[in-house]
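> kindly return the folded structure for what I paste below:
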Amino acid sequence: MSILKRMTAFLTAFGVAAGLTACGSNTRQALVVNGYEVPAGVYIYFANSAYNEALSKLSEETPDLDTTDLDAVKAATLEGKDVRTWVQDKATESCVDFVLTEQKFDELGLEMGADEDSYTDMMMEYYWSGNKKAMERNGISEDSFRKILVSSTKSDLIFEYYYGIDGEEGVTEDELYTYYKENNIRCQYVAIDLKDGEGNLLKSDGKAEMMKMVEGYRDRVEDAYDEGGVGAVMTEMNYVKEDYSYYVTSISEEAAGVEEPTTTTPRTTAAAETTAAEETEASEGETEAETTVPDETAEEETAETETTAASEEDSTDEEGDTEDTLETTETETTTVAEESTEAGTVGSDEESNTETTSASDEETGETETTDTQTETETVTYDNESIISLIDPDDYDSEDDITYTPSKKVYNKLLEIEEADYGKPFIVEEDEQYYLVVRYDIEDRMTDTDLWTETASLNADYDKYGDAFEEMTDEWASTADTKRNDAAYRRYDPYKFDFSTEQ
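Numbers count the residues shown, from 1 in each chain. Predicted structure coming up:
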């Protein structure tokens, strides 16, 4: 388990506090594992965490069970055990893992570096400062809690020893790179709700009309693909999302009787926007062709302009100067940017295509002066999703699996082959239509975007986490464990105090 996951688990565990007092002299050690005496505070922490896990499992298995009713909890069972026994066994397992981590770390000759020490100090300050009173009130000392934090870091270092890049098991970066690429889907999708402005499901006629709209969106994206490839598709999908949002708002306002809709005009395709811009420039007499008109034409616009131009010409003739150089500049810039995800840290790429031309009068040697014309279009990854592949074997049942955005869309994305990356597809659900596009994830697998150090580490844990767990289970199977029955009775999970009082 990664450090981040462990820290999250720690914080969750101490959302509640155990209502226990300081340890008695014969209960300072809760158990002994391979000769290592486990401090009572470490056991209390793991017992508290296990009790929270037990309540969560009970809520999932029996939604009607009131987990605040102690009698109801005592009457329940988990995996064929009463809750007290289940919690104690779970806490014991955690304590055994804690000890084996300490002993294996020393056996392998590993050391905590300055970075690990600094990280431990930071985590200690964050978690201990916020839970100090609750932990001390329940018999968990600062030293015991630090041991738990350090154990988490040591466990990660042991994992890296075996399964890190170039570690004992021979893992390579190329292997992890391939694993990430093959186990994540890069895509865009727009969900079209089959509902009217009042939120009611549409009838067959209404669904048919919505399908026509979705097919229109699909055609727009297909045209974008044919004309500009994947980059144009990304832009068009963003426009489709905006257009659909406009549509939803408009029908909601109409259903609510809003006379003057507050929505803005929907964006259309990039090609349509360019055409509209050209028409506007033509109507205002500002097209590129007109920027090369000789000075005499411009001077005829007003008498004031004529006088000024004449004055400037006289001055130029007397001093022998030339006029300013005319440069008509057209700049098109594409900027690609992305924020981080359930996958990791990403960066941005920039592509710019700048073309500069000079218009001059070759016969007279004179040049023109005009305003610089700049056209900028931005394409972003904001509406993209990175979806991790699901292994059904990791779940107890199909009902436990959550698909993004739905099982049918997920399966469709899986079916799309590389030759069809960038092409749009329609997926029909009972209450939504989806327009989906899958992209080549490798296009974004750079160290400043998707393939960061964190992504590599997460891929490592995803690929080899189960193998590492099997390895540690094997170590635990031969551990010599002796419980201190007095301590186990003293730190009864049913006596835990779930108040938030600090």
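> what are the ranges of the strands in this structure?
Remark: strands assigned in the chain by DSSP state E are 29-33, 36-39, 77-78, 81-82, 184-193, 327-337, 348-358, 360-361, 366-367, 384-388, 424-428, 432-439, 481-483.
> would you mind pulling up the elements that the last one packs against?
Yep, that's strand 481-483 we're talking about. strand 29-33, helix 83-107 (3 or more Cβ pairs under 8 Å, 6 or more residues apart in numbering; DSSP states H and E). Where you see a C-beta, it was placed from the backbone N, CA and C, and this is true even at glycine.
> which one of those lies nearest to residue 247?
Among the helices and strands packed on strand 481-483, the nearest to residue 247 by Cβ to Cβ is helix 83-107 (51.9 Å).
> could you pull out the buried residues of the closest one?
For helix 83-107, a neighbour-count test (16 or more other Cβ atoms under 10 Å) marks 83-84, 86-88, 90-92, 94-105 as buried.
> show residues contacting it.
Outside helix 83-107, the residues within contact range by Cβ atoms under 8 Å, 6 or more residues apart in numbering are 30-31, 33-34, 36, 38, 42-43, 46-47, 49-51, 53-54, 58, 73-74, 76-79, 81, 147-148, 151, 154-155, 157-158, 472, 475-476, 479, 481, 483, 488, 492-494.
> give me the buried subset of those residues.
Buried among the contacts of helix 83-107 (16+ other Cβ under 10 Å): 30-31, 33, 36, 38, 42-43, 46-47, 49-51, 53-54, 58, 73, 76, 78, 147-148, 151, 154-155, 157-158, 472, 475, 483, 488, 493.
> related to what we said a few turns ago, any chance of the helices and strands packed on strand 481-483 in TSV, plus distance to residue 221 and mean pLDDT?
Below are the helices and strands packed on strand 481-483 laid out as TSV (distance: least, Cβ to Cβ, whole Å; pLDDT from 0 to 100):
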stretch	distance to residue 221	mean pLDDT
strand 29-33	60	97
helix 83-107	51	98
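> compare these and give me the one nearest residue 399.
When the helices and strands packed on strand 481-483 are compared (using Cβ to Cβ), the closest one is helix 83-107, at 22.4 Å.
> kindly calculate the angle that that closest one makes with strand 29-33.
60 degrees (axes from the mean of the first three to the mean of the last three Cα atoms, to 10 degrees).
> contacts only, for residue 439.
Neighbours of residue 439 in contact, by Cβ under 8 Å, 6+ apart: 186, 187, 188, 230, 234, 384, 421, 422.
> chain neighbours aside, what residue packs nearest to the last one?
It refers to residue 422. With Cβ to Cβ, 6 or more residues apart in numbering as the criterion, residue 422 has its nearest non-adjacent residue at 4.1 Å, and that residue is residue 230.
> run through the residues that contact residue 194.
Residue 194 neighbours (Cβ under 8 Å, 6+ apart): 201, 202, 206, 207, 210, 430, 431, 432, 433.
> now those residues as CSV including pLDDT and distance to residue 127?
Below are these laid out as CSV (pLDDT from 0 to 100; distance: Cβ to Cβ, whole Å):
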residue, pLDDT, distance to residue 127
201, 96, 48
202, 96, 51
206, 95, 54
207, 96, 52
210, 97, 50
430, 95, 45
431, 96, 43
432, 97, 42
433, 98, 47
